[in-house]
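based on what follows, work out the 3D shape:
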Amino acid sequence: MKTQPAHKPAAVPKQSLPPDEVLPNLFALLFGLLLGLALLKFGNPIVMEKFVSHPESQVEWVLNPWPVHLAWGLLACVTVVGILASRWRKDLPWGLLVLPLVWLGWQFVASIGSIDARLSAATLKHFVSCVVCFYLGVFALGRNRNLFLFSLGLIGGFALVLVSGFQQHFGGLEATRRYFFLYFYPRLEELDKLPPGYLKKMSSNRIWATLFYPNALAGVILMMLPIALGIIWSARERFTAGARGLLAGMVGMASLACLYWSGSKGGWLLMLLTGLVGSLFLPFKRQLKIVLIVGVLVLGLAGFGLKYAGFFKRGATSVVARFDYWRAALHTVAVHPVFGTGPGTFGAAYEKVRKPESEPAKITHNDYLEQASDSGVVGFLAYAGLVAGSLVFAYRKGGLGSDWVKLGVWLGVLGWALQSLVEFGLYIPAIAWLAFCLLGWLLAQAGVTDNSNPSGSARIA
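Residues are numbered from 1 along each chain as shown. Now for the predicted structure:
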């Protein structure tokens with residue numbers, strides 16, 4: 001008797017993305033790669049771009065920062081893909097959607113009477129790129145509720161920033177300092193060829209990794225750590241709970257170590273604050289939350305006091321300097337309340353009122369005051385309204401408590417917005433582009449729950 005051949009199970013057809021989801025996913029991948037690259041290569045303030053030279057060798061391409069015009073070219077290419085991947089949203093608040101254009105339009109108006117046309121032109125180009133990133137975040141990246149593809153390049157770039165920080169702390173900074181003072185400094189004929197504060201930075205043990213200076217590194221960590229943790233912890237389908245815990249612990253410990261080595265006083269306090277805010281969303285009982293918050297607050301402040309006691313005994317010179325900058329900015333607002341002195345021109349205005357004993361400065365160390373000084377009250381209101389309005393809207397409508405990714409992004413942008421009170425992240429492409437992109441993404445995700453997607457959203461394969 002002949003035996004029947006065993007029945008072979010039908011082959012399961014390989015799943016593929018629908019055609020209308022390919023472009024959003026491709027854009028998310030490319031945009032994340034660009035912003036990750038920006039963390040490594042475009043970490044200098046736009047008003048100090050003249051100090052960034054074009055790389056001339058393979059070593060310089062790898063180790064040195066890149067001029068910002070390269071970033072604009074890359075952003076233009078990614079924007080083309082973003083436009084093709086975009087889909088209009090009618091359900092979003094038109095006021096917040098229009099506010100970036102109001103702010104940008106007023107910057108062009110304020111630049112007409114600028115006291116330094118060259119600086120204003122460079123700053124305007126940067127602001128245009130920021131607004132482009134915002135709308136790409138709303139209409140293109142906003143179609144992706146899951147940021148896994150976007151996070152590949154972004155978290156990869158952040159990881160390399162942390163690696164650079166570790167390398168500096170464990171010998172790289174000392175080697176760089178020796179080389180600078182032994183070979184480069186003696187041949188330097190004019191000190192004004194160096195960026196302001198460069199000698200002070202080279203003489204310090206504070207790390208800055210791939211960014212302009214230590215506080216800028218702290219700003220990147222403030223924004224990126226909650227985002228990375230949220231994305232890692234939400235990747236349930238890709239990693240086990242143990243693997244997610246290990247990855248989150250590695251990223252968290254490395255980030256906090258680099259934050260500590262950066263020596264940023266404000267960064268440490270703001271990380272403590274954002275951590276406390278984030279703990280309010282944890283699914284714990286109220287009593288446990290109170291104990292956790294009090295414990296973290298006591299330990300964090302105690303560590304801060306022990307670490308920086310000597311700084312305050314010496315008179316907290318950087319704090320005093322910031323108050324001097326802020327007084328000068330308020331004076332400029334009083335003299336030029338409508339149009340300011342032109343985008344990016346605080347340094348030129350400050351030189352006219354700076355006290356002889358005060359340190360020179362190119363930037364106000366307060367993005368909101370800088371907006372008022374550079375573009376008047378209208379520029380300040382438009383910018384502050386955009387940042388605060390987007391954060392409040394995302395908090396009220398975003399369902400942060402039920403989505404780790406949303407919560408991480410919101411906390412990261414909150415950290416950036418708070419640090420902007422004492423720093424100048426708005427004027428650093430690596431920080432500002434990411435912040436504007438994520439503001440737009442938060443706006444697009446507001447009201448979207450775990451079981452639903454925005455109109456035209458794309459699934460991440």
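
contacts for stretch 342-350?
By Cβ atoms under 8 Å, 6 or more residues apart in numbering, the surrounding residues in contact with stretch 342-350 are 46-47, 107, 110-111, 113-117, 119-120, 122-124, 127, 325, 328-329, 332, 341, 360-364, 370, 373-375, 427. Yep, even glycine has a C-beta here, placed from its N, CA and C like the rest.

pull the CA atoms of it into PDB?
The C-alpha coordinates for stretch 342-350 follow below in PDB (Å, rounded to 0.1, in the frame of the first residue of the first chain):
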ATOM      1  CA  GLY A 342      18.400  92.000  15.800                       C
ATOM      2  CA  PRO A 343      18.500  88.200  16.100                       C
ATOM      3  CA  GLY A 344      21.800  86.900  17.600                       C
ATOM      4  CA  THR A 345      23.100  90.300  18.500                       C
ATOM      5  CA  PHE A 346      23.100  90.200  22.300                       C
ATOM      6  CA  GLY A 347      26.900  90.100  22.400                       C
ATOM      7  CA  ALA A 348      27.200  93.300  20.300                       C
ATOM      8  CA  ALA A 349      24.600  95.100  22.500                       C
ATOM      9  CA  TYR A 350      26.200  93.800  25.700                       C
END
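
what does the average pLDDT come to for that stretch?
For stretch 342-350, mean pLDDT rounds to 91.

same check on stretch 229-237?
89.

kindly report the same for stretch 433-444.
96.

narrow the contacts of stretch 342-350 to those in strands?
Residues of the contacts of stretch 342-350 located in strands (DSSP state E): none.

which among the residues you listed count as buried?
Buried members of the contacts of stretch 342-350, scored by 16 or more other Cβ atoms under 10 Å, are 46-47, 107, 110-111, 114, 116, 119-120, 122-124, 127, 325, 328-329, 332, 341, 361-364, 370, 373-375, 427.

where in the stretch 351-461 of the chain is pLDDT low?
The stretch 351-461 of the chain contains residues with pLDDT under 70 at 447-461.

now the helices for it?
367-397, 404-419, 429-445 (DSSP state H, counting those that start in this stretch).

show me what the first one packs onto, helices and strands only.
Yep, that's helix 367-397 we're talking about. helix 94-111, helix 317-335, helix 346-353, helix 404-419, helix 429-445 (3 or more Cβ pairs under 8 Å, 6 or more residues apart in numbering; DSSP states H and E).

rewinding a little: Throw the helices of the stretch 351-461 of the chain into CSV and include distance to Asn146, thanks.
Shown next, in CSV, are the helices of the stretch 351-461 of the chain (distance: least, Cβ to Cβ, whole Å):
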stretch, distance to Asn146
helix 367-397, 17
helix 404-419, 7
helix 429-445, 11
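
please identify the deepest-packed of those helices.
Each of the helices of the stretch 351-461 of the chain was scored by mean neighbour count; the highest is helix 429-445, a mean of 27, by mean count of other Cβ atoms under 10 Å.

next, count neighbours for Met250.
For Met250, the count of nearby residues is 13 (other Cβ atoms under 10 Å).

now it: which helix or strand?
helix 241-262 (DSSP states H and E).

that helix: what's the following helix or strand?
Using DSSP H and E, the helix or strand that follows helix 241-262 in sequence is helix 265-279.

so how far is stretch 107-123 off the chain centroid?
24 Å (Cα atoms, centre = their mean, to the nearest Å).

with respect to Ile83, which of the helices of the stretch 351-461 of the chain lies nearest?
helix 429-445 (14.2 Å; Cβ to Cβ).

ok, back up a step: among the helices of the stretch 351-461 of the chain, single out whichever gets nearest to Ala257.
Of all these, helix 404-419 comes closest under Cβ to Cβ, at 17.5 Å.

which helices and strands does that closest one pack with?
Contact here means 3+ Cβ pairs under 8 Å, 6+ apart; on that basis helix 404-419 packs against helix 214-234, helix 265-279, helix 367-397, helix 429-445.

quick check: phi and psi at Leu162.
When quoted as degrees, to the nearest 10, the phi and psi of Leu162 stand at phi -70, psi -40.

show me what contacts the closest residue to Asn144 other than its chain neighbours?
Nearest non-adjacent residue to Asn144, counting by Cβ to Cβ, 6 or more residues apart in numbering: Ala28, 4.9 Å away. Applying Cβ under 8 Å, 6+ apart to Ala28 gives the contacts 141, 144, 147, 149-150, 460.

residue contacts, Leu414?
274, 277, 391.

how about the CA coordinates for stretch 242-260, as CSV?
Extracted in CSV, the C-alpha atoms of stretch 242-260 (Å, rounded to 0.1, in the frame of the first residue of the first chain):
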residue,chain,number,x,y,z
GLY,A,242,15.5,41.9,32.1
ALA,A,243,17.1,43.1,28.9
ARG,A,244,15.2,46.4,29.1
GLY,A,245,16.2,46.8,32.7
LEU,A,246,19.9,46.2,31.8
LEU,A,247,19.8,48.6,28.9
ALA,A,248,18.0,51.3,30.9
GLY,A,249,20.5,50.9,33.8
MET,A,250,23.5,51.2,31.5
VAL,A,251,22.2,54.3,29.8
GLY,A,252,21.1,55.8,33.0
MET,A,253,24.4,55.3,34.9
ALA,A,254,26.5,56.4,31.9
SER,A,255,24.4,59.6,31.5
LEU,A,256,24.4,60.5,35.2
ALA,A,257,28.2,59.9,35.3
CYS,A,258,28.8,62.3,32.4
LEU,A,259,26.4,64.8,34.0
TYR,A,260,28.4,64.6,37.2
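
what sits up against it?
In contact with stretch 242-260 (Cβ under 8 Å, 6+ apart) are residues 155, 159, 161-162, 165-166, 169, 207, 209, 217-218, 221, 224-225, 228-229, 232-233, 235-236, 239, 267-268, 271, 307.
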